[in-house]
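Visitor: Please work out how this folds:
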Amino acid sequence: MANYEKNLGKIDGRTKLVGLLATPIGHSLSPQMHNLGYTLLGLNYAYLAFEVGNDTLKEAVEGMKALGVAGFNVSMPNKMEILPYLDELDDSAKYARASNTVVNRDGKLIGYNTDGLGYVKNLEQQGVDLKGKKVTLVGSGGVATPIAIQLAQSGIQELNIFARNDQFFHNAEENVNYINNEMKSFGVKANILPLEDKDRFRKEVAESAVLANGTSLGMKPLDQLSIVDDTLDVLRKDLVVTDVVYNPQKTKLLKQAEEAGATAINGLGMMLWQGALGFKLFTGEDMPIDDIKKIMFG
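Guide: Below is the predicted model:
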């Protein structure tokens, strides 16, 4: 942390730009996290957030490319929609069919996905053993898909994906088919189930070691919602409940989990780890995670 004060606020004509394309974006901690990392390491980069949705995504990507940025992150609702506007996909983005990290390499935009690995690394840091376990995942969008793909590679035995009976259900079908047909060597059985089937949801959660929320439920303006209906008695003491949402740090789901005595893990650790992986791709340097954690979260 010796360089912190010396490098604070250093921006000049050689500063490299990194950005974030998402909406809503006011809650994001990514600009603070990345800029703090640049300051701590004395790197001449600046990270800015841009309010961009699907309707202006194509123009925003073209603008980033024209400006010659070092790269940019992509968050909801753009992670799947951005793929056609990229020049190349890393396997992590190709398999997940979504990208949250784009690197500008000599004018070529290359898409990566660090969400899934960030999620699994966070669980490992929290002492959660996934080997041979059954996991229930709710969601099939731009965050949930890479989580599903990474979970299938983490040694679990079975993955149940619950999704609403609409486009998200179709996405979930694609995820399940991909895992069962293209990832057979990992020995994982994947199933797709309708979120509306409360009896099946209760049964699968009862048999699972981990219940994962991969949706935006719990994040403002949906902070009063949860994937677990108040009438469903599905949470228990030996269950690990995870949320991809990190703001608020304690979602309604995690409050429900704590009340039931379950282990509650929010999305902060995942945010830090996926960010660290992107930081390395943008700068070639390792993000000082421990120092950032200490400064940002105490």
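Visitor: Could you use CA atoms for every contact and neighbour count after this?
Guide: Will do.
Visitor: Break this structure into its domains for me.
Guide: 4-113+271-297, 116-266 (automatic domain parsing).
Visitor: The ones you listed into JSON lines, with extra columns for mean pLDDT and mean neighbour count?
Guide: Below are the domains of the chain laid out as JSON lines (pLDDT from 0 to 100; neighbours: other CA atoms under 10 Å):
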{"stretch": "domain 4-113+271-297", "mean pLDDT": "94", "mean neighbour count": "18"}
{"stretch": "domain 116-266", "mean pLDDT": "95", "mean neighbour count": "19"}
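Visitor: for this protein, what spans make up the helices?
Guide: With helices called from DSSP state H, the chain shows them at 4-7, 30-41, 57-67, 91-96, 115-125, 144-152, 167-182, 198-207, 252-259, 268-283, 289-297.
Visitor: got those as JSON lines, with distance to Val228 columns?
Guide: Below are the helices of the chain laid out as JSON lines (distance: least, CA to CA, whole Å):
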{"stretch": "helix 4-7", "distance to Val228": "43"}
{"stretch": "helix 30-41", "distance to Val228": "28"}
{"stretch": "helix 57-67", "distance to Val228": "33"}
{"stretch": "helix 91-96", "distance to Val228": "26"}
{"stretch": "helix 115-125", "distance to Val228": "20"}
{"stretch": "helix 144-152", "distance to Val228": "17"}
{"stretch": "helix 167-182", "distance to Val228": "18"}
{"stretch": "helix 198-207", "distance to Val228": "9"}
{"stretch": "helix 252-259", "distance to Val228": "7"}
{"stretch": "helix 268-283", "distance to Val228": "21"}
{"stretch": "helix 289-297", "distance to Val228": "28"}
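Visitor: Quick check: which of these is nearest to Lys220?
Guide: Lys220 sits nearest to helix 252-259 of all those, at 11.2 Å, using CA to CA.
Visitor: Name all residues that make contact with the spatially closest residue to Arg202 that is not a sequence neighbour.
Guide: Of all residues not flanking Arg202 in the chain, Val234 sits nearest, at 5.6 Å (CA to CA, 6 or more residues apart in numbering). Val234 is in contact with Arg202, Val205, Ala206, Val228, counting by CA atoms under 8 Å, 6 or more residues apart in numbering.
Visitor: quick one, phi/psi of Val234?
Guide: Main-chain torsions, Val234, degrees, to the nearest 10: phi -110, psi -10.
Visitor: Offset the numbering so it begins at 7, please.
Guide: I'll keep to 7 as the first residue from here, and by that count the last item is Val240.
Visitor: about what we covered before: so which of the helices of the chain comes closest to Lys195?
Guide: That would be helix 173-188 among these, by CA to CA, at 6.4 Å.
Visitor: Show me what that closest one is in contact with.
Guide: 145-147, 151, 154-155, 158, 167-169, 194-198, 200.
Visitor: re the thing from before, how close does the residue nearest to Arg208 sit to Leu217?
Guide: 10 Å (CA to CA, to the nearest Å).
Visitor: residues shared between the contacts of the two?
Guide: Val211.
Visitor: For the residue nearest to Val250 when sequence neighbours are not counted, grab the count of nearby residues.
Guide: Leaving aside its sequence neighbours, Val250 sits nearest to Gly273 (CA to CA, 6+ apart; 4.3 Å). As a burial measure, Gly273 scores 22 neighbours (other CA atoms under 10 Å).
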